[in-house]
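**Q** I would like the atomic coordinates for the input below:
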Amino acid sequence: MKASLFARRRILVTRFALILCVSPLLFCSSAWDALSHVFSESLFALGIALVGVGVIGRVWCFSYISGRKQAELVTEGPYSLTRNPLYLFTLIAAVGIGFTSETLFVPLAVLALFALSYPAVIRQEERALEEIHGANFARYRESTPRFWPSFGLYSEPQEIQLNPRVFRRGLQDVVWFIVACGTFEIIEGLQEAGMVPVFMHLV
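**A** Predicted coordinates:
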C-alpha cells in the first residue's frame, strides 16, 4: 500500500513539475536563436542526448525491478551504483527535455524543481523499504550512495526474471519523455507561424 502511494505521489510530482515548467513557456522563446544559432542547436542536441541516456537508463532499471520491486530488495545492476537509479535517470531525462527548449533557464528550473520536490519522496520511499526489508536495507544503505552513482560498486547477476506486463508499463512511461522532446519544437513552430504570441525571450 505504502509503495503504491509513494509511486502515485512520484508520478503526480513529475507531472505537476512538467506542467509547471512547460505551460508558461508556450508564450516564451529562446533568446539564443537570435544570439547564436550554433549554440541554440547545440543545446537542443544536448537535450536529445540526455533524454536518450535517461530513457535507456529507466528501461535498464525497469528490467531489474519488473516483478521484483515489492517482493525483494533489488541491489544489483543500476541499483548497485545508487539506491535511486530510477530517479537519477528521470532527472537526466527531464533536464534533457529542458535543454530541448534551447535555453539554459528551463533545465535549471527543472533542476530546482527536482531538488525541491524529490528528496522528500525519496526519504519516504526509503523509510518504507526499511520497514519492509529491515537489516538488509540498512546494510544496503550503508554500502550504496543514495543518489549519485559510484561506478566502482557495480555488480550484476548472471540472469534476471522479468515480468512482461510490469515491464511493458514501464516502457509506456518512457514514451512520454520521447514525446516531450518534440514539445518545444511544436511550440516554436506555432510561434513562428504567428499562432502563438511571444511575450518573453529566455536565455
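**Q** so where is the protein shaky, pLDDT-wise?
**A** Counting by pLDDT under 70, the chain contains low-confidence residues at 1-15, 17-24, 67-71.
**Q** quick one: the helices in it?
**A** Assigned by DSSP state H, the chain shows helices spanning 2-25, 32-35, 37-65, 78-81, 85-99, 105-133, 135-143, 164-181, 183-192.
**Q** Please identify which of the ones you listed is closest to residue 72.
**A** helix 105-133 (8.2 Å; Cβ to Cβ). To be clear about C-beta, it is placed using only N, CA and C from the backbone, and glycine gets the same treatment.
**Q** Just to check, residue 61 is in contact with residue 89?
**A** Yes - in this structure, residue 61 is within contact of residue 89 by Cβ atoms under 8 Å, at 6.5 Å.
**Q** For the two, list the residues in contact with both.
**A** The contact sets of residue 61 and residue 89 overlap at residue 78 (Cβ atoms under 8 Å, 6 or more residues apart in numbering).
**Q** closest one to residue 199 among the helices of the chain?
**A** Using Cβ to Cβ, the nearest of these to residue 199 is helix 2-25, at 9.3 Å.
**Q** which residues touch the residue lying closest to residue 111 once chain neighbours are set aside?
**A** Excluding the flanking residues, the one nearest residue 111 by Cβ to Cβ, 6 or more residues apart in numbering is residue 95, at 6.3 Å. Applying Cβ under 8 Å, 6+ apart to residue 95 gives the contacts 50, 107, 110, 111.
**Q** from what I can see the third one touches residue 97, true?
**A** So the one you mean is residue 110. Yes - here residue 110 reaches residue 97: they are 7.4 Å apart, a contact under Cβ under 8 Å.
**Q** Look at those two and report which has more neighbours.
**A** Neighbour count, other Cβ atoms under 10 Å: between residue 110 and residue 97, residue 97 has more, with 27 against 23.
**Q** can you tell me which residues contact that one?
**A** 18, 47, 51, 110, 177, 180, 181, 183.
**Q** how about JSON lines for these, with distance to residue 128 added?
**A** Output for those, formatted as JSON lines (distance: Cβ to Cβ, whole Å):
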{"residue": "18", "distance to residue 128": "25"}
{"residue": "47", "distance to residue 128": "33"}
{"residue": "51", "distance to residue 128": "29"}
{"residue": "110", "distance to residue 128": "26"}
{"residue": "177", "distance to residue 128": "26"}
{"residue": "180", "distance to residue 128": "29"}
{"residue": "181", "distance to residue 128": "33"}
{"residue": "183", "distance to residue 128": "33"}
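**Q** So what's the residue count around residue 37?
**A** 11.
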